[in-house]
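J.: Sequence below, structure please.
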Amino acid sequence: MAAAVAAAVAVALGALLLAQGRTQPGGEGPTAGPPPPLKMDQALLMVRNEPPVQGLRLLARSAACHRCSYQLLADVPPSDGGPSAVAVVDTQHPLSLLLNGSQAGSELCKIQYHFGEFGNYCLVVKTLNTSAKTISCDIVVNKGPINSYLPILFAFLVYSGILAILIICRLVMKIGPVRNWVYKKLNPRETDRLINSELGSPSTTDSLSSNPSPRLWCATSRQRLRSLDTFRGLSLIIMVFVNYGGGKYWFFKHESWNGLTVADLVFPWFVFIMGTSIALSLNSMLRWGSSKQKVLGKILWRSFLLILLGVIVVNPNYCLGALSWENLRIPGVLQRLGLTYLVVAALELLFTRAGADSGTLEMSCPALQDILPFWPQWIFILVLEVIWLCLTFLLPVPGCPRGYLGPGGIGDFGNYPNCTGGAAGYIDRLVLGEKHIYQHPSCNVLYQTTVPYDPEGILGTINTILMAFLGLQAGKIILSYKDQHKQIMIRFFIWSIVMGIISAALTKCSKEEGFIPINKNLWSTSYVTTMSCFAFILLLLMYYLVDVKRLWSGAPFFYPGMNSILVYIGHEVFENYFPFKWRMQDSQSHAEHLTQNLTATTLWVIISYLLYRKKIFWKI
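T.: Numbering: from 1, shown residues only. Predicted structure coming up:
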């Protein structure tokens, strides 16, 4: 029933969104020749220079571009009553417009304005005082922009309708006669089992992670903590949505450099919950009698498969032509997951006593029973972090200042155009080669960078390991305080506060001015501590709602969380195939892109739900 409802709503969502914003406003008023065609997140700006002033130049700078130099937007000749120049401007962020005279550095006027999508505007330049050369600049709206955020509102209403329908159905199913009638129509034993499994008791095992070879599971032998799969599924579904395009909204894309968007949240959360699962699954395997040698073999095999799948199957450099060594991208999401899993799982295996249950260790300080027994692991992680700090801030990079953390390009007023990523980018280009890393980083458009940079590069992997280790710490808390729900939630809250304090100190509570800004491209230390702060809080809430109070079954995120590798690889492989993608009538419409991306994401939720009903799970 859930699948049918979701499919019906996906169709309704498409109909609603496609009805929105189908027309693009054209320019009104006088034009100097045909105006250029507008794309998403663009507006038309005409400049009228009256009375004529010789030798004007219009420059622009995005408010999101930190310490960027102004870029030439248009040369403004004298006007004969109509527009002197026509330019296309960006609407994603506010723009600072600067009007310069013929003399070098002569700033005549400056104005900041946030243009609206597909709007038509006119910058009117007037001379107020000829002798003093005083000039005024005013923005006039010829035709108002469209509201590009209406499709998001419609999508919210549609999915709220889904939730309301499912809640009503669940309440109706609690009525005895209705429930009995449904059971008679369906398979009563299977239906009852599924309903009970939605509210089943939590367990501290992650049994499906114990087999590293790819296979189809016919059944799950032991119960799991549903909150972990719910957390993983939430991260995965957001990741699928933003990978498909996120409706082409800027806040569903990765941040250009420093800062956070929705897209920057999901990968570290996925890494975090992988670390939590490592603690639970290794503990389970050792308690069930597996030798450390056998477990290590499984860890090595699983890591190898993840890296292999990332290099061969999920490789964005396919767009450069047939995949060959010449343009093979070596880093990647699955590659980083594989390396991170290898280090963290091997570290946990090395310092975990076979057959020991962390919750039964006797200690002189019970309040630290999830930390003190594992001090060698903490020393190893701290050494890794010192290595990251030394390489980042002390490694000499040719042509760049020591410790540079900027995007290069036109950032830092264009002084370091080829220094994108500082030491992190330099190490990747030196070790892997420019053709074997990501060719179109997120800073490419805003900062106009020209050198390749890989957000999943070598140096950032160190902090990904730190992120997974903090997730491992969450797993140790669950094991150390088994069935002590209050203690587990208190520990999650304390860790969240500690990570938040560290982030505040590193960033000075600012986006750009901290010691180490939050940066997903660099996987900076502050990025890891901030994401861990959010992850501990989110896991606390899910643990409370799903496994403690059982107020929520975890649906629909629970289902893709049970088949995370299949959904991730599947959405990458079938990204350009129907029904996940189709030819649009208007490719410059946020509404159509949002419809397509939400439909594709919803389909993967439905697929994972159907696989769950069939008891089919693909794990590596």
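
J.: what's the distance between the most centrally placed residue in the chain and Glu572?
T.: Of all residues in the chain, the one closest to the mean position by Cα atoms, centre = their mean is Ala263, 2.5 Å from it. Taking Cβ to Cβ, to the nearest Å as the measure, Ala263 falls 16 Å from Glu572. Where C-beta positions appear, they are placed from N, C-alpha and C, glycine not excepted.

J.: do Ile278 as well
T.: Per Cβ to Cβ, Ile278 is found 24 Å from Glu572.

J.: Which one of these two is surrounded by more residues?
T.: It is Ile278, of Ile278 and Glu572, that has more neighbours when counted by other Cβ atoms under 10 Å, with 26 against 18.

J.: who touches the more buried one in this structure?
T.: Contacts for Ile278 (Cβ atoms under 8 Å, 6 or more residues apart in numbering) come out as 209, 341, 344-345, 348, 468, 471-472, 475.

J.: could you redo the last one with a cut-off of 10 Å?
T.: 206, 209, 299, 340-341, 344-349, 468-469, 471-472, 475 (Cβ atoms under 10 Å, 6 or more residues apart in numbering).

J.: Inside helices: which ones of those?
T.: Using DSSP state H, the members of the contacts of Ile278 that fall within helices are 299, 340-341, 344-349, 468-469, 471-472, 475.

J.: Next SSE downstream of the worst-scoring helix or strand of the chain on mean pLDDT?
T.: Sorted by mean pLDDT, DSSP states H and E, the helices and strands of the chain end with strand 215-217, the least confident at a mean of 39. Going down the chain from strand 215-217, the next helix or strand is helix 226-244, by DSSP states H and E.

J.: I'd like the C-alpha coordinates of that next one written as PDB, please.
T.: The C-alpha trace of helix 226-244 is given here as PDB (Å, rounded to 0.1, in the frame of the first residue of the first chain):
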ATOM      1  CA  ARG A 226      16.400   0.400  13.700                       C
ATOM      2  CA  SER A 227      17.600   3.900  14.500                       C
ATOM      3  CA  LEU A 228      21.000   3.200  12.900                       C
ATOM      4  CA  ASP A 229      19.400   2.000   9.600                       C
ATOM      5  CA  THR A 230      17.000   5.000   9.800                       C
ATOM      6  CA  PHE A 231      19.900   7.400  10.200                       C
ATOM      7  CA  ARG A 232      21.800   5.700   7.300                       C
ATOM      8  CA  GLY A 233      18.700   5.800   5.100                       C
ATOM      9  CA  LEU A 234      18.000   9.500   5.800                       C
ATOM     10  CA  SER A 235      21.600  10.300   4.800                       C
ATOM     11  CA  LEU A 236      21.400   8.100   1.700                       C
ATOM     12  CA  ILE A 237      18.100   9.500   0.500                       C
ATOM     13  CA  ILE A 238      19.300  13.100   0.800                       C
ATOM     14  CA  MET A 239      22.500  12.100  -0.900                       C
ATOM     15  CA  VAL A 240      20.500  10.600  -3.800                       C
ATOM     16  CA  PHE A 241      18.400  13.700  -4.100                       C
ATOM     17  CA  VAL A 242      21.300  16.100  -4.300                       C
ATOM     18  CA  ASN A 243      23.300  13.800  -6.600                       C
ATOM     19  CA  TYR A 244      20.400  13.900  -9.000                       C
END
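
J.: and the very next helix or strand once past that helix, how far out from the chain's middle?
T.: Under the assignment DSSP H and E, the closest C-terminal helix or strand after helix 226-244 is helix 266-287. Relative to the centre of its chain, helix 266-287 is centred 20 Å away, using Cα atoms, centre = their mean, to the nearest Å.

J.: what separates Arg48 from Lys435, distance-wise?
T.: 48 Å.

J.: give me the element Cys68 is part of.
T.: Short version: Cys68 belongs to no helix or strand, going by DSSP H and E.

J.: wait, isn't it in contact with Thr449?
T.: No - here Cys68 does not reach Thr449: they are 11.6 Å apart, not a contact under Cβ atoms under 10 Å.

J.: Of those two, which one has the most company?
T.: For the pair Cys68 and Thr449, the greater number of neighbours falls to Thr449 (26 against 21), based on other Cβ under 10 Å.

J.: Could you give the backbone dihedrals for that one?
T.: Dihedral pair for Thr449: phi -70, psi 150, per degrees, to the nearest 10.

J.: Chain neighbours aside, what residue packs nearest to it?
T.: Spatial nearest neighbour of Thr449, chain neighbours left out: Gly409 (3.8 Å); criterion: Cβ to Cβ, 6 or more residues apart in numbering.

J.: same deal with Ser303?
T.: Leu342 (3.9 Å).

J.: Give me the below-cutoff pLDDT ranges for the stretch 201-350 of the chain.
T.: 201-224, 314-324 (pLDDT under 70).

J.: how about a cut-off of 80?
T.: For the stretch 201-350 of the chain, the stretches flagged by pLDDT under 80 are 201-224, 313-326.

J.: next one: the stretch 1-150 of the chain
T.: 1-36, 50-55, 78-84, 101-106, 127-135.

J.: And the strands in it, which stretches?
T.: Assigned strands in the stretch 1-150 of the chain, in chain order: 42-49, 56-62, 71-76, 85-90, 95-100, 107-113, 120-129, 134-143 (criterion: DSSP state E, counting those that start in this stretch).

J.: Determine which stretch of those is the most buried.
T.: Among the strands of the stretch 1-150 of the chain, the stretch with the highest mean neighbour count (mean count of other Cβ atoms under 10 Å) is strand 42-49, at a mean of 24.

J.: report the angle between the axes of it and strand 120-129?
T.: Computed by axes from the mean of the first three to the mean of the last three Cα atoms, to 10 degrees, the angle separating strand 42-49 from strand 120-129 equals 30 degrees.

J.: ok, the residue nearest to Ser303 touching Lys298?
T.: No - in terms of Cβ under 10 Å, Leu342 does not count as a neighbour of Lys298; the distance is 11.3 Å.

J.: Next, show the common contact partners of the two.
T.: With Cβ under 10 Å, 6+ apart as the test, Leu342 and Lys298 reach no residue in common.
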